[in-house]
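Asker: just need the structure, nothing else, for what follows:
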Amino acid sequence: MTGPDDVVVALDVGGTVMKCGLVSRSGELRHAERHPTNAPAGGPAVVATILDVAAGLADKARADGLNPVAVGVAVPGVVDEARGVAVWAANVGFRDVPLRDLVSDRLGLPAALGHDVRAGGVAEARLGAGAGNRHVLFVAVGTGIAAAHVVDGKAFAGAHGAAGEVGHIMVRPDGPICACGARGCLESVASAAALARRYAELSGAGGVSAAEVAARALLDEPVAVRAWGEVVDALADGLTIAQTLFDASVIVVGGGLSEAGPQLLEPLAAGVRSRLTFQREPALVRAALGDAAGCLGAGLLGGDALEAA
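Answerer: Numbering: from 1, shown residues only. Here you go, the predicted structure:
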């Protein structure tokens, strides 16, 4: 049985900031906080920060008359969700950290550990732009590109915790070297970082952000229009491959580049449509939960852990 005052302590751990809060069992964000991740101090310091923030949120809940019943933590990198281990994450210094058990032991509550993009995908599928659909593909297009395949509200992690890395689908075999070491990955040509980099290559002007490139493209600046078009074209290739693999009813596009709204989604939907042959066309929609998705998803995962306990 759950009560109206039951909440899940939820943390979405990023490379710079942790977005945290108290999430009701129905998915309402009852309280929100932000804390520095403390990544420059190394992995052990990040773990200590996570534990302290989680404990502080549980205390906050009790002080406000709420009842913390579980904990959910979403982290970047490779995550073994079954064992509750943060296997590896370069930007926060994790290497085989048994984070789920550490959090559970510290707070004395059931806990779940999930991947940040998969947690965001679960939130968008259950509460956001994908709600009402059984088969949802959430694609985050920001500094990098990653996805979550969510079916009936559950995200699939894969055999080794690395499912959903659509950013490393090869779409431009002659393209630039990706951070993963391969050439022409989707992430290397269609992420926000790739857009800014391509604009700099074409214009000779550095220091222009992806958002600024998008704005200049709207004003029909030729170089920006070209860079934007290349990104949309590559994304259409990547999403067509993803749709062929996952057969989603809806593709939810999130991340920083989705802030462009119709400027991105309308030509992207047309590009995917033109590439489809036997595949069914998915609805293509912008994410609805913004940067709260990861925290909400962590809360949902924590609630799932409570039900399984």
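Asker: give me the element Ala305 is part of.
Answerer: Using DSSP states H and E, Ala305 falls within helix 293-308.
Asker: which positions in that helix come out as buried?
Answerer: Buried residues in helix 293-308, counted by 16 or more other Cβ atoms under 10 Å: 293-306. Heads up, the C-betas are built off the backbone N, CA and C, glycines and all.
Asker: so how far is it from its chain's centroid?
Answerer: Centroid separation for helix 293-308 versus its chain: 15 Å, with Cα atoms, centre = their mean, to the nearest Å.
Asker: for stretch 101-113, same thing?
Answerer: With Cα atoms, centre = their mean, you get 22 Å for stretch 101-113.
Asker: re the thing from before, could I get the buried residues of helix 293-308 as JSON lines with pLDDT and distance to Asp105?
Answerer: Formatted as JSON lines, the buried residues of helix 293-308 follow (pLDDT from 0 to 100; distance: Cβ to Cβ, whole Å):
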{"residue": "Ala293", "pLDDT": "97", "distance to Asp105": "28"}
{"residue": "Gly294", "pLDDT": "97", "distance to Asp105": "23"}
{"residue": "Cys295", "pLDDT": "98", "distance to Asp105": "22"}
{"residue": "Leu296", "pLDDT": "98", "distance to Asp105": "25"}
{"residue": "Gly297", "pLDDT": "98", "distance to Asp105": "23"}
{"residue": "Ala298", "pLDDT": "98", "distance to Asp105": "18"}
{"residue": "Gly299", "pLDDT": "98", "distance to Asp105": "20"}
{"residue": "Leu300", "pLDDT": "98", "distance to Asp105": "22"}
{"residue": "Leu301", "pLDDT": "97", "distance to Asp105": "18"}
{"residue": "Gly302", "pLDDT": "97", "distance to Asp105": "15"}
{"residue": "Gly303", "pLDDT": "96", "distance to Asp105": "20"}
{"residue": "Asp304", "pLDDT": "95", "distance to Asp105": "19"}
{"residue": "Ala305", "pLDDT": "92", "distance to Asp105": "14"}
{"residue": "Leu306", "pLDDT": "90", "distance to Asp105": "16"}
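Asker: okay, those in JSON lines with distance to Ala200 next?
Answerer: JSON lines is the format used below for those (distance: Cβ to Cβ, whole Å):
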{"residue": "Ala293", "distance to Ala200": "30"}
{"residue": "Gly294", "distance to Ala200": "29"}
{"residue": "Cys295", "distance to Ala200": "33"}
{"residue": "Leu296", "distance to Ala200": "35"}
{"residue": "Gly297", "distance to Ala200": "34"}
{"residue": "Ala298", "distance to Ala200": "35"}
{"residue": "Gly299", "distance to Ala200": "39"}
{"residue": "Leu300", "distance to Ala200": "39"}
{"residue": "Leu301", "distance to Ala200": "39"}
{"residue": "Gly302", "distance to Ala200": "42"}
{"residue": "Gly303", "distance to Ala200": "44"}
{"residue": "Asp304", "distance to Ala200": "43"}
{"residue": "Ala305", "distance to Ala200": "45"}
{"residue": "Leu306", "distance to Ala200": "48"}
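Asker: among the residues you listed, which two are most distant?
Answerer: With Cβ to Cβ as the measure, no two of the buried residues of helix 293-308 lie farther apart than Ala293 and Leu306, at 20.4 Å.
Asker: give me the residue at the spatial middle of the chain.
Answerer: Using Cα atoms, centre = their mean, the residue of the chain that lies closest to the mean C-alpha position is Val117, 2.6 Å off.
Asker: from Val53, how far off is that one?
Answerer: Separation of Val117 from Val53 (Cβ to Cβ, to the nearest Å): 21 Å.
Asker: same check on Lys60?
Answerer: Lys60 is 10 Å from Val53, where distance means Cβ to Cβ.
Asker: contact partners for Asp101?
Answerer: Taking Cβ atoms under 8 Å, 6 or more residues apart in numbering, we find Asp101 in contact with Gly84, Ala111.
Asker: you'd agree it is in a helix?
Answerer: Yes. Applying DSSP: H, G, I helix; E, B strand; the rest coil, one finds Asp101 inside a helix.
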